[in-house]
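> just need the structure, nothing else, for what follows:
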Amino acid sequence: MPRAQANEHRVSIMFKALVVDNRSGSVSAAVQDLDEPALPAGDVQVAVDYSSINYKDGLIVNGAGGLVKNYPHVPGIDFSGTVSKSAHAGFKQGDKVVLTGWRVGEVQWGGLAQRAAVNGNWLVSLPAGMTPRQAMAIGTAGLTAMLAVIALEAHGITPACGEVLVTGAAGGVGSVATAILARLGYQVVASTGRAEAHDYLQALGAHTIINRAPFAEPARRPLETERWAACIDSVGGNTLARVLAQTKYTGAVAAVGLAGGSKLEHTVIPFLLRGVNLLGIDSVMCPTPRRLAAWARLRSDLPADKLESMSVDARLDEVPRLAQAIVAGQVRGRVVVDVNR
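A predicted model of the protein is given here:
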């Protein structure tokens, strides 16, 4: 048989994927079998080993937030795996790679599947000494936490400055931030509403644990008693407003999330009278050099045993249930999805 004719009859590679669909306004998610031609355009194809579940994944799987415009859709803003095909100069077949962000899993099909196709410029090589599973135990949440720590350091925050507050401390970003800050010698105060998470947070290195409830109340005054040298905030809303009012002179708050709301009702007084700085942290479109620097720091500053203790494993078919749980604030730490289970 001529080669061209043989290629025409080549069997496509089949793979499993979590597919989110929207029929008549009703969003549903289920594992389906797809074939390779269904993949989006991309100059690198990856055989995915692991993905993870982040807050944004929870919103997407549940059809919340208006993040996905085109259905059917494969979510998953993170993945790690092995290059299976490449037309990109930076990667070849067999390379181990990691992807976080770039609106993959949101605008383009993502990593909650056994196969992915993406722009090779969005990939980074798996850091030396790190396994694909560890990379996804870190994922977008961990990368965001590390970028926040780096931003605080660049602002001049050191362990000698005083207490550093971590809000939403039992979540993915908060867990990683707590472990990193403790490893670096900071006095970490972890804010959580989960009494059952106290032992967990202490094991990650939290010096003090406080209840999140007071932060949920609207700020009474533009300035409150100074306490925090810095904060990594994944909650937003009233919590961020209260934190700003309590931050010390020339302190800094790294804002990384909005689990408690996107609206910030406050005045400019903390910025003008105390020189407080509000630092916005974006890991989605973060330039590659900054990503590489953050991954290098994660390898050195995030203890492997702490990462393991905050991570749990899940199957692809468990993602819809876990997506509901993470939006409801019921997921602790990091969920690593083995897409081949």
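> every contact and neighbour count from this point should use C-alpha atoms.
OK.
> what bridges to Glu247?
Quick fix: residue 247 is Thr, not Glu. Taking DSSP bridges as the rule, Thr247 bridges to Trp228.
> try Gln45
With DSSP bridges as the rule, Gln45 is bridged to Lys85, Ala117.
> tell me the contacts of it?
Contact analysis of Gln45 by CA atoms under 8 Å, 6 or more residues apart in numbering lists 83-86, 115-118.
> I'd like those residues written out as TSV, with distance to Gln108 added.
What follows is the contacts of Gln45, written out as TSV (distance: CA to CA, whole Å):
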residue	distance to Gln108
Val83	18
Ser84	19
Lys85	18
Ser86	18
Arg115	13
Ala116	10
Ala117	9
Val118	8
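> can you spell out the domain ranges of the chain, please?
3-126+310-338, 140-280 (automatic domain parsing).
> reformat those as CSV; add mean pLDDT and distance to Leu298.
What follows is the domains of the chain, written out as CSV (pLDDT from 0 to 100; distance: least, CA to CA, whole Å):
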stretch, mean pLDDT, distance to Leu298
domain 3-126+310-338, 93, 12
domain 140-280, 96, 7
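> out of the contacts of Gln45, who's the most crowded?
Ala116 (29 neighbours; other CA atoms under 10 Å).
> isn't that one up against Gln108?
No - Ala116 is not in contact with Gln108 according to CA atoms under 8 Å; the separation is 9.9 Å.
> and the lengthiest helix in the chain, how far from the chain's centre?
Criterion DSSP state H: the longest helix present in the chain is helix 132-154. Taking CA atoms, centre = their mean, to the nearest Å, the mean C-alpha location of helix 132-154 is offset from the chain mean by 8 Å.
> repeat that for stretch 307-325.
With CA atoms, centre = their mean as the basis, the mean position of stretch 307-325 lies at 13 Å from the chain mean.
> report the buried residues of that stretch.
Using 16 or more other CA atoms under 10 Å as the test for burial, stretch 307-325 gives 307, 310-311, 314, 316-317, 319-320, 322-324.
> distance between the ends of it?
Length of stretch 307-325, first residue to last, CA to CA, to the nearest Å: 21 Å.
> which one of the domains of the chain lies closest to Ser300?
The minimum distance between Ser300 and the domains of the chain falls on domain 140-280, with 9.6 Å, by CA to CA.
> now do the closest one: distance to the chain's middle.
That offset, for domain 140-280, works out to 17 Å (CA atoms, centre = their mean).
> same thing with stretch 319-326?
Worked out by CA atoms, centre = their mean, stretch 319-326 lies 15 Å from the chain centre.
> which two in the contacts of Gln45 are spaced the farthest apart?
Ser86 and Arg115 (13.3 Å).
> does Gln330 sit in a helix, a strand or a coil?
coil (DSSP: H, G, I helix; E, B strand; the rest coil).
> angles on the backbone of it, please.
Main-chain torsions, Gln330, degrees, to the nearest 10: phi -110, psi 10.
> what's stretch 324-332 in contact with?
Contacts of stretch 324-332 (CA under 8 Å, 6+ apart): 54-55, 58-59, 62, 170-172, 197, 310, 322.
> what about that stretch, how long is it end to end?
Start-to-end, stretch 324-332 (CA to CA) is 13 Å.
> what's the answer for stretch 37-51, then?
One end of stretch 37-51 sits 21 Å from the other (CA to CA).
> thanks a lot, catch you later.
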